[in-house]
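Colleague: everything below, folded, please.
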Amino acid sequence: MTTQTESGARAHFSGHETFPLRQMWLKKAFDRATSEGVIPKSAFADANAIASFGVGKNMVASIKHWALACGLMTEVSPSEFRINQLASEILRDGGLDPYAENPSTAWLVHWQLARRCFRSTTWHWLFNHVTAPTFTRQELEEPLARYARELDPKHRLSASTISRDLETCLRGYAPRTAGGSPEDFAEPLLGELGLLQEVHKGQYAFRRGPKSSLHDGVFAYALVDFWNRAAEGQSSLAFETVAYAEGSPGRVFKLDEESIAQRLIAISDFTGRKLEWTDSAGLRQVHRKNLSKEDMKNMIRRAYD
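Modeller: Next up, the predicted model:
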């Protein structure tokens, strides 16, 4: 189920078959790629797909959805997907984290899902638009439906679609601790990030504050990625933008002001002064100069040292 955003990108509220992303699923998708980095679409649809992936038919569809939503692969033709170069560096055999065991991989996946509206609209909306101290899934359903209508006034999503998408999103970060089926205890990739907690049965809250498992390399990468989308061409970015703007590291990672400030102070040494923090006369800013794509790759590589 999709709608159109203002920029023309498609927004999704289904496709995961209600399965939260599991630790090994991105690797399973990656391993279907040829040596040229191409995954035939038939890999997810032919008669051998269930045996190849080792899961049921609905889970194969879910793996395909998550591989697209996380940016592992992109559609390049009616018959092929292509593997993202950074994903290849992480997940290839002998790569930075082939079995998705390092927290940096989960943080990068979370960033990909929550920073933008495309293919993971509920994830983006939850982490960028929900400000209530606590909430239930039911309390979020109507606000999310309104958001969907704002994206495309002509399109109508069913209440059950909204409800299932929210349930899948919440369970991905705060797995059920009692009851449910054995499937609920399968290793959700994002469950260890500590971003959401179930404070009472069915009631959730964000965990704001410092994130000890969030490497400075992932934070720096996310900052530049956000900068390129939100303020391309600007040589400086205000602290408030980093902390509070939609799609910013502060919002997506649920960092408090002190934690953001500490990371921005440290970012100068981390990036060899290609990103530099200044705090003069009450004007708090981070500046950038001569950052290349290779610099961004190096930020990620250092997150796995």
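
Colleague: and the lowest mean pLDDT element among the helices and strands of this structure?
Modeller: strand 2-4 (a mean of 43; mean pLDDT, DSSP states H and E).

Colleague: okay, strands next: where are they in the chain?
Modeller: 2-4, 10-12, 38-40, 73-77, 80-83, 135-136, 196-200, 203-206, 236-238, 275-280, 283-288 (DSSP state E).

Colleague: quick one: those as TSV, columns for mean neighbour count and distance to L21 too.
Modeller: Glycine gets a C-beta too; all of them are placed from N, C-alpha and C. What follows is those, written out as TSV (neighbours: other C-beta atoms under 10 Å; distance: least, C-beta to C-beta, whole Å):
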stretch	mean neighbour count	distance to L21
strand 2-4	18	19
strand 10-12	19	14
strand 38-40	18	17
strand 73-77	14	14
strand 80-83	20	17
strand 135-136	17	21
strand 196-200	14	14
strand 203-206	17	18
strand 236-238	17	30
strand 275-280	15	30
strand 283-288	17	31
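
Colleague: tell me which of those strands lies nearest to N228.
Modeller: In terms of C-beta to C-beta, the element of the strands of the chain nearest to N228 is strand 283-288, at 9.9 Å.

Colleague: quick one: the closest one to strand 275-280, angle?
Modeller: If you take axes from the mean of the first three to the mean of the last three C-alpha atoms, to 10 degrees, strand 283-288 sits at 160 degrees to strand 275-280.

Colleague: residues in contact with stretch 230-238?
Modeller: Residues from elsewhere that reach stretch 230-238 (C-beta atoms under 8 Å, 6 or more residues apart in numbering): 223, 227, 241, 245, 247-248, 284-289.

Colleague: next one: stretch 38-51
Modeller: 29, 32-34, 52, 56-57, 60-61, 63-64, 73, 76, 78-83.

Colleague: return the distance of stretch 193-203 from the chain's centre.
Modeller: 18 Å (C-alpha atoms, centre = their mean, to the nearest Å).

Colleague: now do that stretch, average pLDDT.
Modeller: Regarding stretch 193-203, the rounded mean pLDDT is 95.

Colleague: now do stretch 242-253
Modeller: 97.

Colleague: do stretch 17-27 as well
Modeller: Mean predicted confidence for stretch 17-27 is 96.

Colleague: residue contacts, the closest residue to D216 other than its chain neighbours?
Modeller: Nearest residue to D216 in three dimensions, chain neighbours excluded: F270, at 5.2 Å (C-beta to C-beta, 6 or more residues apart in numbering). By C-beta under 8 Å, 6+ apart, the contact set of F270 is 216-217, 220, 299, 302.

Colleague: and of the contacts of stretch 230-238, the nearest to L264?
Modeller: Checking these one by one against L264 (C-beta to C-beta), the nearest turns out to be V286, at 5.4 Å.

Colleague: residue ranges for the helices of the stretch 201-305 of the chain, please.
Modeller: 216-230, 239-244, 249-252, 257-270, 293-302 (DSSP state H, counting those that start in this stretch).

Colleague: typed the wrong thing, it's the stretch 51-200 of the chain
Modeller: 57-69, 85-91, 103-114, 121-129, 137-151, 159-173.

Colleague: quick one: list the elements packing against the second one.
Modeller: Taking 3 or more C-beta pairs under 8 Å, 6 or more residues apart in numbering; DSSP states H and E as contact, the helices and strands that helix 85-91 lies on are helix 25-30, helix 293-302.

Colleague: now the last one: buried residues?
Modeller: Judged by neighbour count (16 or more other C-beta atoms under 10 Å), helix 293-302 contains these buried residues: 295-296, 298-300, 302.

Colleague: what is that helix packed up against?
Modeller: helix 85-91, helix 216-230.

Colleague: could you redo the last one with a cut-off of 10 Å?
Modeller: Packing partners of helix 293-302 (3 or more C-beta pairs under 10 Å, 6 or more residues apart in numbering; DSSP states H and E): helix 85-91, helix 103-114, helix 216-230, helix 257-270.

Colleague: repeat for the shortest one
Modeller: Here helix 25-30 touches helix 49-53, helix 57-69, strand 73-77, strand 80-83, helix 85-91, helix 103-114, going by 3+ C-beta pairs under 10 Å, 6+ apart.

Colleague: in that helix, what counts as buried?
Modeller: For helix 25-30, using 16+ other C-beta under 10 Å, the buried residues are 25-30.

Colleague: cheers, nothing more for now.
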